[in-house]
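> my questions concern the predicted model and sequence given below.
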Number of protein chains: 2
Amino acid sequence: MGRDPRQSEARLKDVAASAGVSRSLASLVIRNEPGPSAEARERVLEAAHRLGYRPDTRAQSLAVLRTRLLGAAFDTRRPFQIDLIEGLYEAATAAGYELVLSAQVPGRSEEEAIATLLGYRCDAAILLSSGWPAERLEELDSRVPVVLIGRRVPKTNLDVVRTSEAAGMRLALGHLAQLGHREVLHIDGGSGQIPSDRRRAFRGAARALGLAARVQRGDRTAEAGWEAAHRLLAAGDIPTAIIPYHDMAATALIDAFTRAGVRIPDDVSVIGYDNSQLSQMSHVNLTSVGQDVHHLATQAVGKAVQRVEDRNLPAGGEVVLSPSLIVRGTTGPVRSGSIAPKPGRSVP
Amino acid sequence: MGRDPRQSEARLKDVAASAGVSRSLASLVIRNEPGPSAEARERVLEAAHRLGYRPDTRAQSLAVLRTRLLGAAFDTRRPFQIDLIEGLYEAATAAGYELVLSAQVPGRSEEEAIATLLGYRCDAAILLSSGWPAERLEELDSRVPVVLIGRRVPKTNLDVVRTSEAAGMRLALGHLAQLGHREVLHIDGGSGQIPSDRRRAFRGAARALGLAARVQRGDRTAEAGWEAAHRLLAAGDIPTAIIPYHDMAATALIDAFTRAGVRIPDDVSVIGYDNSQLSQMSHVNLTSVGQDVHHLATQAVGKAVQRVEDRNLPAGGEVVLSPSLIVRGTTGPVRSGSIAPKPGRSVP
DNA sequence: TTGAAAGCGCTAACAT
DNA sequence: ATGTTAGCGCTTTCAA
């Protein structure tokens, strides 16, 4: 077996030797701790640079009994979580922690994603997509501080950061009511805590505003919007305002309607959910209930860090943020007169 | 400072003690190595389970001088790379490695993403989105085996796995030619290695097929498609076939056209690039040149692992895969007669 | 301001 | 089949 042609990774020892100082001195310099003389500092830094030295985070964390690592488990298939990742990096960095990602993908369960995080011994875990029941989450939380984003976990005191569904629906339906709409339809997200909360919030807000509320079953896919549109077209029963589960479904629904000659927002107003990159694209231009990703991420990291730094702290319960409504081009005043969709293509 | 109320993480030592065996025996059992008796095995496993033991990957890798970690640097803003991640997890797992992700996001440069990976001491780095020049990549490769996905790096022998742009454009333009199109337009992706390769491939394929080729400047955003469509509409100069840079741009372009009363594919055929989840959505139903994500990921992991296991191996150059054309609903036979787009909305 | 020594959790080579 | 010992790269007392 031949020797590695590649120069083996430089270690602190090498840097110290090369600079002619002890390892501990070199260590202090590298971590920018006070102590070493300016001259020693310079020599060490020079050597480190010359050798391309980079501290080994494993050894480092092993020695200090802390990883300063925040684990984040997310699902590649949920665009909203991708947005969240961006905010988490920023917040973690600001708090002096590193973020380590573990993805849930088809073929890699939440189970595995979380197990990996535990293997890294991250100081806390932030779960963006947990479908786990309360008990499992609580058990996990007894091993490492856990913060959930987005999802309510009833009957527990787990750390949760989420956006108020009730407030979101109040904003959305309030906007529609103001535009003169009297009947609203929600295409829901199927089963799961968030869809169910959102559904309930929809009903509650409609009742409070005196709007007639209808709910149609859907799921978390874009297809659900597409199918709902076709169902409505087939039934010839098209409400003046629709709130699909999220932006993806809303976009698909709009597309189906547009192709069928139903005009948005002239005939039907549509409000999405998540204010995702998709909704922001100018050709989509979707009115949407936005979660404040930045704030969500900051709060989650804040909670995590708090529990890491004071390990006596128990889980702190929910932080509920307010959403905002971003009014774009898919909502408008209700038009009198009936809708006469044309089947088939939309051009004369 | 109070004591941690949380039971401190169980260590191998604890498991061994609890099972009444030595650490090395416990280690063998945990790693499922031959040696320990069935009875000892059982005792250790039981203790491990009871204590919720999970090996510390840091300590493990430190001891074996290998992390069995494949680092992947990607960009959250590029949907194609998200798809790739899924494939990489699968391939890495199959090869007995773990995948560790490091994202490039607005506010976190490629620089930092890669530095983090080096800190983890991953055995090899797979770069999905490198914009680095050849020299920097070569220098990095001298520290740790590097495999690039997607991007050609001229004049080097770096490990690269990519899809042939030439073949992709041949497929796309061949399909269009067969449908009777005589003139094709490419909205390009601006500057960068991939856009430039793709542009050149477009021109080459058009020439070979005897098609009139036009190229319009764009960039890597969806907006570029939207804007291109409006430019064409304004100029009243709409070709019968268009190949935007990627699916996102294609979708935006189609949307702009549809709203203006230009029918797809009746008036204009459109082919996207990437066969992304977006293009697969039934309401988008976009004919698209697909890169084989699974194959791309497998090859990249294969190359990485090869160089990890035989560290004498030099970088192995390019692997170029063949794309395929997924024909969906946005391409059709060229129609005789001129296109008369209606400005404004699409319904009578 | 600097150095020596112990230890973080684990594996590996070598006893027994 | 099982235990002992040294060491992975780093930080951290503690002494000099």
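That came in fine, so what should we check first?

> and the nearest residue to A:D123 once chain neighbours are set aside, how far is that from A:V146?
The shortest distance from A:D123 to any residue that is not its chain neighbour, by CB to CB, 6 or more residues apart in numbering or on different chains, is 4.4 Å, and that residue is A:V308. (C-beta placed from N, C-alpha, C; glycine too.) Using CB to CB, to the nearest Å, one gets 12 Å for the distance from A:V308 to A:V146.

> what do those two both touch?
Residues touching both A:V308 and A:V146 (CB atoms under 8 Å, 6 or more residues apart in numbering or on different chains): A:A124.

> tell me which of the two has more neighbours.
Set side by side, A:V308 and A:V146 show more neighbours around A:V146, with 28 against 21, by other CB atoms under 10 Å in any protein chain shown.

> quick one: the helices in the stretch 51-200 of chain A?
Ranges of helices within the stretch 51-200 of chain A are A:57-64, A:79-94, A:110-119, A:134-141, A:165-178, A:193-209, based on DSSP state H, counting those that start in this stretch.

> among these, which is nearest DNA strand D?
Distance to DNA strand D, taken as CB to the nearest atom of the strand, is lowest for helix A:57-64 among the helices of the stretch 51-200 of chain A, at 3.1 Å.

> would you mind listing what in chain A touches DNA strand C?
Proximity of chain A to DNA strand C is assessed by CB under 7 Å from any atom of the strand, with A:21-25, A:28, A:35-37, A:40, A:59, A:62-63, A:65 identified as the residues in range.

> in ChimeraX, how would I select just the buried ones from these?
For anyone working in ChimeraX, the buried entries among the residues of chain A next to DNA strand C, judged by 16 or more other CB atoms under 10 Å in any protein chain shown, can be selected with:
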select /A:21,25,28,36,40,59,62
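
> pLDDT score for the closest residue to A:M281 other than its chain neighbours?
If the residues on either side of it in the chain are set aside, A:M281 comes closest to B:A222, at 5.1 Å by CB to CB, 6+ apart. At B:A222, the pLDDT value in this model is 92.

> what about B:A222, how many neighbours?
Taking other CB under 10 Å as the neighbour definition, B:A222 ends up with a count of 27.

> can you count the residues close to the residue in the stretch 101-250 of chain A that DNA strand C sits nearest to?
In the stretch 101-250 of chain A, the residue that lies nearest DNA strand C is A:R121 (8.0 Å; CB to the nearest atom of the strand). Counted by other CB under 10 Å, the residues lying close to A:R121 total 21.

> A:A72 too?
Around A:A72 there are 31 residues (other CB under 10 Å).

> quickly list what the closest residue to it other than its chain neighbours is bridged to.
In space, A:A72 comes closest to A:I126 once its chain neighbours are excluded; the distance is 4.8 Å by CB to CB, 6+ apart. Beta-bridge pairing for A:I126 (DSSP bridges): A:A72, A:V147.

> roughly how far apart are the closest residue in space to A:G332 that isn't next to it in sequence and B:E318?
Distance criterion CB to CB, 6+ apart; nearest residue to A:G332, sequence neighbours excluded, is A:P265 at 3.6 Å. From A:P265 across to B:E318, the span is 50 Å (CB to CB).
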